[in-house]
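Engineer: let's see this in three dimensions:
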Amino acid sequence: MPTLQVEGTTISFGDSGAPPDRPDAPTIVFGHGLLFSGWMFHAQVAALRDRYRCIAIDWRGQGETPATPGGYDMDCLTGDAVGLIKALTQTPVHYVGLSMGGFVGQRIAARHGGLLRSLTLLDTSPDREEPAAARQDRLLAFVYRLVGMKPLASKVVPIMFGPTFRADPKNRPVIDEFLTRLGRCERSGLRKAVLAVANREPIYDEIDRISVPTLVIVGADDVPTPVDKAKRIAARIPGARLEIVPEAGHSSTVEQPAAISALLEEFLAGVEG
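Structural biologist: Numbering: from 1, shown residues only. Just a heads-up that it's a prediction; the model follows:
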């Protein structure tokens, strides 16, 4: 996986490259959710790479990006994404972010809107973490640092995946792949990422500045960032469109890959005209 130095920090990312017959194709930058990596967009990249250059960031301490001593808060991750976009592209990009990636995406669009052609926000929130959820995150981060993820899987999986997806035995390999990839991460880095989400500052008061075309998507069964959070975003961003995906939880790109890919294809085609 290629890497890039952004202000002295090594950031790993996947890059499909421009389609062979479209060297000037627009770029999509994908930002994943907490505990995942760019892997969570593999279906969307497969569906879109023949028309777009697809770049998927791994946030600090997750996927292939190494842990760092600090810099896990949403403003620092925004700086990582902005640095990567500026270094790898010459024109504004389409940004697609889920959960943590959506926290970052809202900041990019509100503060660096000239870098974007469009914004897609999946299963995310404009608010600080709810107090009860923040306490749970901090406890899970503490226990994880001591014993790793395996003893916590029964707590984490129902948060990350909806009931319909979990109930179907054919989806068990996907959940196992998620847990296997999670187990490869350095504990200290992943713990800092969890704490950064638990302690994040809200962005709601800034997102009415977003002026690029915006699509907001949420799984109907999302627990960490439920439908009301998506409605709150869509009502605040001028002209934003809201889509609620049935039988999907927090990890909608993995749980309903075809539905999410179809929504993205239609939205991006409309933006490109």
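Engineer: all contacts plus neighbour counts: C-alpha atoms, from now on.
Structural biologist: Noted.
Engineer: am I right that T120 is in a strand?
Structural biologist: Yes. Applying DSSP: H, G, I helix; E, B strand; the rest coil, one finds T120 inside a strand.
Engineer: pLDDT wise, what is it at?
Structural biologist: Note for T120: predicted pLDDT of 98.
Engineer: same check on R22?
Structural biologist: pLDDT at R22 comes out at 93.
Engineer: equivalent analysis for E186, please.
Structural biologist: On the pLDDT scale, E186 gets 88.
Engineer: for the record, mean pLDDT for the helix or strand in which V29 is found?
Structural biologist: Using DSSP states H and E, V29 falls within strand 27-31. In this model, strand 27-31 has an average pLDDT of 98.
Engineer: going toward the C-terminus from that strand, what's the next helix or strand?
Structural biologist: Criterion used, DSSP H and E; the element after strand 27-31 is helix 42-48.
Engineer: partner strands of the strand holding V29, parallel or antiparallel?
Structural biologist: strand 53-57 (parallel), strand 93-98 (parallel) (DSSP bridges).
Engineer: need the residues that contact the first one.
Structural biologist: Surrounding strand 53-57, the residues in contact under the criterion Cα atoms under 8 Å, 6 or more residues apart in numbering are 11-19, 25-32, 37-38, 41, 45, 48, 81.
Engineer: look up the residues forming beta bridges with I57.
Structural biologist: Beta-bridge partners, per DSSP bridges, of I57: F13, G31.
Engineer: please report the distance of it from T89.
Structural biologist: Relative to T89, I57 is positioned 14 Å away (Cα to Cα, to the nearest Å).
Engineer: more neighbours, these two?
Structural biologist: Per other Cα atoms under 10 Å, whichever of I57 and T89 has more neighbours is I57, with 26 against 13.
Engineer: what separation is there between that one and G189?
Structural biologist: 16 Å.
Engineer: go on, G273?
Structural biologist: From G273 to G189 the distance is 41 Å (Cα to Cα).
Engineer: more crowded one of those two?
Structural biologist: G189 (20 against 6).
Engineer: quick check: buried residues in the helix or strand of the chain at the bottom of the mean pLDDT ranking?
Structural biologist: Ranked by mean pLDDT, DSSP states H and E, the weakest helix or strand in the chain is helix 131-147, scoring a mean of 83. Buried residues in helix 131-147, counting neighbours by 16 or more other Cα atoms under 10 Å, are found at A134, D137, R138, L140, A141, Y144, R145.
Engineer: residues contacting the fourth one?
Structural biologist: The one in question is L140. By Cα under 8 Å, 6+ apart, the neighbours of L140 are L152.
Engineer: change the start of the numbering to 679 and stick with it
Structural biologist: With 679 as the first residue, the last one maps to L818.
Engineer: what residues sit buried inside stretch 728-748?
Structural biologist: 728-745.
Engineer: please apply the same query to stretch 920-935.
Structural biologist: Buried residues in stretch 920-935 (16+ other Cα under 10 Å): 920-923, 925-935.
Engineer: stretch 693-704 now?
Structural biologist: Neighbour-count burial for stretch 693-704 [16+ other Cα under 10 Å]: D693, S694, A696, P697, A703, P704.
Engineer: can you tell me how far the nearest residue to the second one once chain neighbours are set aside is from A721?
Structural biologist: When the adjacent residues along the chain are set aside, S694 lies closest to C732, with 5.3 Å between them (Cα to Cα, 6 or more residues apart in numbering). Distance, C732 to A721, by Cα to Cα: 12 Å.
Engineer: same thing with L818?
Structural biologist: In terms of Cα to Cα, L818 sits 29 Å off from A721.
Engineer: who touches stretch 935-945?
Structural biologist: For stretch 935-945, using Cα under 8 Å, 6+ apart, the contacting residues are A721, Q722, A725, L726, L893, V923, S930, T931.
Engineer: kindly recompute the last result at 10 Å.
Structural biologist: Stretch 935-945 has contacts (Cα atoms under 10 Å, 6 or more residues apart in numbering) with 718-726, 729, 774, 796-798, 800, 891-893, 895-897, 919, 921, 923-924, 926, 929-932, 946-948, 951.
Engineer: which of the residues you listed count as buried?
Structural biologist: If we count by 16+ other Cα under 10 Å, these have these buried: 718-719, 721-723, 725-726, 729, 774, 796-798, 800, 891-893, 895-897, 919, 921, 923, 926, 929-932, 946.
Engineer: nice, that's everything, thank you.
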